[in-house]
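In: after the sequence you'll find the predicted model.
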Amino acid sequence: MRITKILAVAGFMALAFLPIENAHTIDTTQYWMKIRAKDKYERTLIANSGVSIETTREDFVVGIGSLEEKKSMEKLGLLEVSFPLTEEMDFPTKDAAFHNYTEMTDKLRSLTSQYPTISQLSSIGKSVEGRDIWAVRISGNLQQADSLAAAVFMGGHHAREHLSIELPIYYIEYLLTEYGKGNPRVQRLVNSRDIHIIPMVNPDGAEYDISTGSYKSWRKNRTSNNNGTYGVDLNRNYGFGWGGGGASTSPNSETYRGPKAFSEPESIAIKNFVETHQNITILLSFHTYSQLILYPWGHVYESIANTRDKQVHEVMAKKMAEWNGYKPQQSSELYIASGDTTDWSYGEHKIISFTFELDPGNSGWGSGGFYPGAQVIPEVQRKNLEPVLYLIDHADNPYRVLDQSNGPIFKP
Ligand code: 0X9
Ligand code: ZN
């Protein structure tokens, strides 16, 4: 009797959760593709089809997309090489140095409890699967930090971009430990600024990517699209220019923009966070890979209309490139993509905003790319330290870079 009842309930539940569309009709395999493209217009055409472009070269791009998107590249006669990303790679032992979600959480707890007077750990919201999205606030004056100039750094929007998580974690550790050691530059910066670091914006995706012990090349979050497919591209879900080019309407696409702007708890968490910290003047979002320093706009080819804002982005990007050796350029020079973090943070809030595409420079034809190996971590952290300190320093008035006589907007 009891068993029959359980079975009946289970049967009802199975029916209740059956996907609307039959999952078997959807091929969720993603394809690695080498696609001919000679200029930004052709790259935009490709981005518009939903393919996520990972590497750009003179006359081709490397991208990842669904079967449907692969077919449309074939139709256009642009596809040179492709293979399905189905083979499971073993998690190499050398990659154990990367932090998974639990390791990161433990590390953030331990660091912030070691430096309680200058740091605070808080959850800014929960992911689709209920993981806390952690933010660390660092300031020599936590009580009055709201009146100090603020900079925000984030990583891990895209699941497979694990290196983009290692930099924010490292800068938290660096700022706290150097402060503790009495490093005068770090003490000056920390005492006069409100620094926010959010290392893993997309914890579900990052965990899913490594969940079987081998990489899945996952990009999006893990929202159910209710048709057998999963994930929204969080870097297409922000609400400025959302719904424009270079973002897909198809749930199976790598660059699916979501059903509406800010449909996802992860992007909502960032939105709420930024909007409750009105003192933020600088934002940097780490991604991988291609060695680029990008700034708005990304959803249109036109550059920022406000000349001073345009110049601030250009001058700062060029300066930072001297340290990390990356190429500074407007985002849409790469390809048009709408709904990214920095178009929103600048477009909506006039925050001076950058996206870094970290190392490596290219996919290395099978090695490197999103999975360059843990041996690259220290070098990439080191080469981006100066840009991070520079951004923190200039949060008081980024326009200082245009005119040395400009004083700070924020006076501690
Ligand atoms: O496409 C993206 O979201 C970023 N590249 S990634 O390989 N990390 O996925 C680049 C975003 C740059 N923004 C625009 N081109 N709008
Ligand atoms: Zn990315």
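Out: Alright, I've got the coordinates. Ligands and ions are numbered 1, 2, ... in the order given.

In: residue 93: how many residues sit nearby?
Out: 8 (other C-beta atoms under 10 Å). No exception for glycine: its C-beta is placed from N, CA and C like everyone else's.

In: any idea how far residue 251 is from it?
Out: Residue 93 sits at a distance of 36 Å from residue 251 (criterion: C-beta to C-beta, to the nearest Å).

In: and the residue of the stretch 1-150 of the chain that's closest to ligand 2?
Out: Closest residue of the stretch 1-150 of the chain to ligand 2, C-beta to the ion: residue 52 (8.4 Å).

In: quick check on the closest residue in space to that residue that isn't next to it in sequence: phi, psi?
Out: Closest residue in space to residue 52, ignoring its immediate chain neighbours: residue 254 at 4.1 Å, by C-beta to C-beta, 6 or more residues apart in numbering. Torsion angles at residue 254 (phi, psi; degrees, to the nearest 10) stand at phi -60, psi -30.

In: give the contact list for residue 297.
Out: 241, 303, 304, 330, 331, 332, 343, 347 (C-beta atoms under 8 Å, 6 or more residues apart in numbering).

In: report pLDDT for the residue nearest to the fifth one when sequence neighbours are not counted.
Out: Nearest-residue entry for residue 331: residue 298, 3.2 Å, with adjacent residues in sequence omitted and distances by C-beta to C-beta, 6+ apart. The predicted local distance difference test score for residue 298 is 98.

In: got the contact list for residue 41?
Out: Not one residue lies near residue 41 by C-beta under 8 Å, 6+ apart.

In: thinking residue 30 is in contact with residue 68, fair?
Out: No: in this structure residue 30 lies outside contact range of residue 68 using C-beta atoms under 8 Å: 11.1 Å.

In: residue 373: neighbouring residues, count only.
Out: 15.

In: can you check residue 154 too?
Out: If you count neighbours by other C-beta under 10 Å, residue 154 ends up with 25.

In: interface residues of the chain facing ligand 1?
Out: Proximity of the chain to ligand 1, by C-beta under 6 Å from any ligand atom, involves residues 52, 54, 158, 161, 235, 287, 294, 298, 331-332, 334-335, 337, 340, 355, 357.

In: so what's residue 286 bridging to?
Out: Here residue 286 sits in beta bridges with residue 356, going by DSSP bridges.

In: quick one: pLDDT of it?
Out: pLDDT for residue 286: 99.

In: for residue 54, see how far away it is.
Out: Using C-beta to C-beta, residue 286 is found at 16 Å from residue 54.

In: got a list of what the residue nearest the centre of the chain touches?
Out: Residue closest to the mean C-alpha point of the chain, counted by C-alpha atoms, centre = their mean, is residue 157 at 3.1 Å. Shown in contact with residue 157 (C-beta under 8 Å, 6+ apart): 164, 201, 202, 234, 235, 285, 287, 341.

In: just the mean pLDDT for stretch 34-44, thanks.
Out: Averaged over stretch 34-44, pLDDT sits at 94.

In: can you check stretch 375-386 too?
Out: 97.

In: thinking again about what came up before, more crowded one of residue 30 and residue 68?
Out: Set residue 30 next to residue 68 and count neighbours by other C-beta under 10 Å: residue 30 wins out with 24 against 15.

In: and the helices in the stretch 151-300 of the chain?
Out: 163-181, 184-192, 203-210, 265-276 (DSSP state H, counting those that start in this stretch).
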